[in-house]
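> sequence first, then the predicted structure, then my questions.
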Amino acid sequence: MAVFGETQKNGRRSNTAAQPTTFSDLFMTLSSGEIWTSGSNASLGQTRCQQAIYALLARARYAREEIESLYESLAGIAAQAHALSDLEALELASQIMLGLPVSPHAKHLARYYQAVCLKRKGEFEAAQQRADLLLEEELDPRLRSLVLQTKAATYFQVGAIDQSLRFSIEAAQFARDCDATSLVESLRAVAVIKSIHGDHHQALADLEGLLPIGCQISRYEAKAYSALLNSYAVELGETGQVEQALKVVSRVASFASLVPEISDTIPDLQSKLPTRKHSVVVIHRREEPLAAPQANKNQEAKRLTPLACAIRKTQRRFRSDRALSSPSVTTSITVRNPAREPTKPRAP
């Protein structure tokens, strides 16, 4: 039905029959996301009502751009809140994203964040149901990997280890070519499950293989990198390399607020350190009996060098010769007492 083709203006027929615009065509354009603007579709022959409609469409175009910009901003905030484990901000941003007039495909990301919130609040069954509904939709590989990873985490929390392993492997397959962070998280979960089953050496080898990718994502995904190093340190400790494990986990100790497991890993590794004891070596020496003085002199003489013996003999000979050559002089000292002397005759 041509709505605008027969419209009259001031009693005259408008000249728009050459390009009729139907009611259905207008709203089909709106639903496809391409809104007409007054500058591209309006002509001088259009009626006043047509021009008013196109003006409204032009304003709606700008409003749609604002809505899309708001959605992208909220998606960025939600991603940051997810990385920082800010549950309240993540839940608020995802609720606003669901309320915006955007396409159903765009709302899949918000529903994924809702499933993450349910998992972190401990509502594992509700989180699994939300993940199952999302997996029935047509999701891009990256988002499907994230949803599978969330579902695997819920099964792990309830103790269904084998089912968690299956979904973790499937998540890694979807993330292999599109999301390095999701790939690291999925394969780390696989290594942790191997460790639970007692295969620590294989788990350690798997985690060592993920370290190069972890170094690449460490610049923008500190949480995933810290979780990887924490699991690697745990397996080092399980294989007896405790000191090296402490060096590894100390590199990410400042991110314990993002990965709470780090706070448990450090004291557990410290308790495995061997106790260092100081060794004291006691040497017992055999006591020698005390020798006679003559024996001591003989031993001392034996220890003297030939030159020292010659010098001593010369000194003894010199002393004996000097004693023989010097005569014994007896010195008598008479003390005179004037009182006892006889009186001499006086001079005349």
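That came in fine, so what should we check first?

> CA atoms for contacts and neighbours, from now on please.
Fine.

> how many neighbours does the residue lying closest to E238 once chain neighbours are set aside have?
Spatial nearest neighbour of E238, chain neighbours left out: H200 (6.8 Å); criterion: CA to CA, 6 or more residues apart in numbering. The number of residues packed near H200 is 21, by other CA atoms under 10 Å.

> swap in the one 3 residues further on?
For A203, the count of nearby residues is 25 (other CA under 10 Å).

> separation between it and L228?
Per CA to CA, to the nearest Å, A203 is found 12 Å from L228.

> what do you get for A189?
Distance from A189 to L228, by CA to CA: 10 Å.

> what do you get for V242?
Taking CA to CA, one finds V242 at 17 Å from L228.

> pLDDT at T265, what is it?
Per-residue pLDDT puts T265 at 92.

> how is the protein divided into domains?
1-80, 103-178, 181-272 (automatic domain parsing).

> I'd like to know which elements the longest helix anywhere in the chain is packed against.
When the chain is parsed with DSSP state H, its longest helix is helix 48-83. If you count contacts as 3 or more CA pairs under 8 Å, 6 or more residues apart in numbering; DSSP states H and E, helix 48-83 packs onto helix 38-41, helix 87-99.

> which one of these has the lowest average pLDDT?
Ranked by mean pLDDT, these bottom out at helix 38-41, which scores a mean of 45.

> does A126 really touch C117, like I thought?
No: using CA atoms under 8 Å, A126 is not in contact with C117; the gap is 10.2 Å.

> any weak-confidence spans in the chain?
For the chain, the stretches flagged by pLDDT under 70 are 1-46, 57, 60, 276-312, 314-348.

> what distance do you get for Q270 to F255?
Taking CA to CA, one finds Q270 at 19 Å from F255.

> show me where the stretch 151-300 of the chain has helices.
Remark: helices assigned in the stretch 151-300 of the chain by DSSP state H, counting those that start in this stretch are 161-175, 180-196, 200-217, 222-238, 242-250, 261-271, 293-303.

> need those in JSON lines with distance to I67, can you?
Compiled in JSON lines, these are given as follows (distance: least, CA to CA, whole Å):
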{"stretch": "helix 161-175", "distance to I67": "30"}
{"stretch": "helix 180-196", "distance to I67": "29"}
{"stretch": "helix 200-217", "distance to I67": "31"}
{"stretch": "helix 222-238", "distance to I67": "31"}
{"stretch": "helix 242-250", "distance to I67": "44"}
{"stretch": "helix 261-271", "distance to I67": "39"}
{"stretch": "helix 293-303", "distance to I67": "107"}
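
> what sits closest to E125 if chain neighbours are left out?
The shortest distance from E125 to any non-neighbouring residue, by CA to CA, 6+ apart, is to T154 (7.9 Å).

> picking that back up, buried residues, the longest helix of the chain. List them.
Within helix 48-83, the residues scored as buried using 16 or more other CA atoms under 10 Å are 50-51, 54-55, 57-58, 60-61, 64, 68, 71, 74-75, 77-79, 81-83.

> what does stretch 195-214 give?
Quick answer for stretch 195-214 (16+ other CA under 10 Å): 195, 200, 203-204, 206-207, 210-211, 214.

> please save the CA atoms from it in CSV.
As requested, C-alpha coordinates have been extracted for stretch 195-214 and formatted as CSV (Å, rounded to 0.1, in the frame of the first residue of the first chain):
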residue,chain,number,x,y,z
SER,A,195,47.2,-33.4,38.8
ILE,A,196,44.1,-34.3,40.8
HIS,A,197,44.3,-37.8,39.3
GLY,A,198,47.9,-38.0,40.5
ASP,A,199,49.8,-37.5,37.2
HIS,A,200,51.9,-34.6,38.4
HIS,A,201,54.7,-35.0,35.9
GLN,A,202,52.4,-34.8,32.9
ALA,A,203,50.6,-31.8,34.5
LEU,A,204,54.0,-30.1,35.0
ALA,A,205,54.9,-30.7,31.3
ASP,A,206,51.6,-29.3,30.1
LEU,A,207,52.0,-26.2,32.2
GLU,A,208,55.6,-25.7,31.0
GLY,A,209,54.3,-25.8,27.4
LEU,A,210,51.8,-23.0,28.2
LEU,A,211,54.5,-20.6,29.7
PRO,A,212,55.4,-19.0,26.3
ILE,A,213,51.8,-18.1,25.6
GLY,A,214,51.3,-17.0,29.2
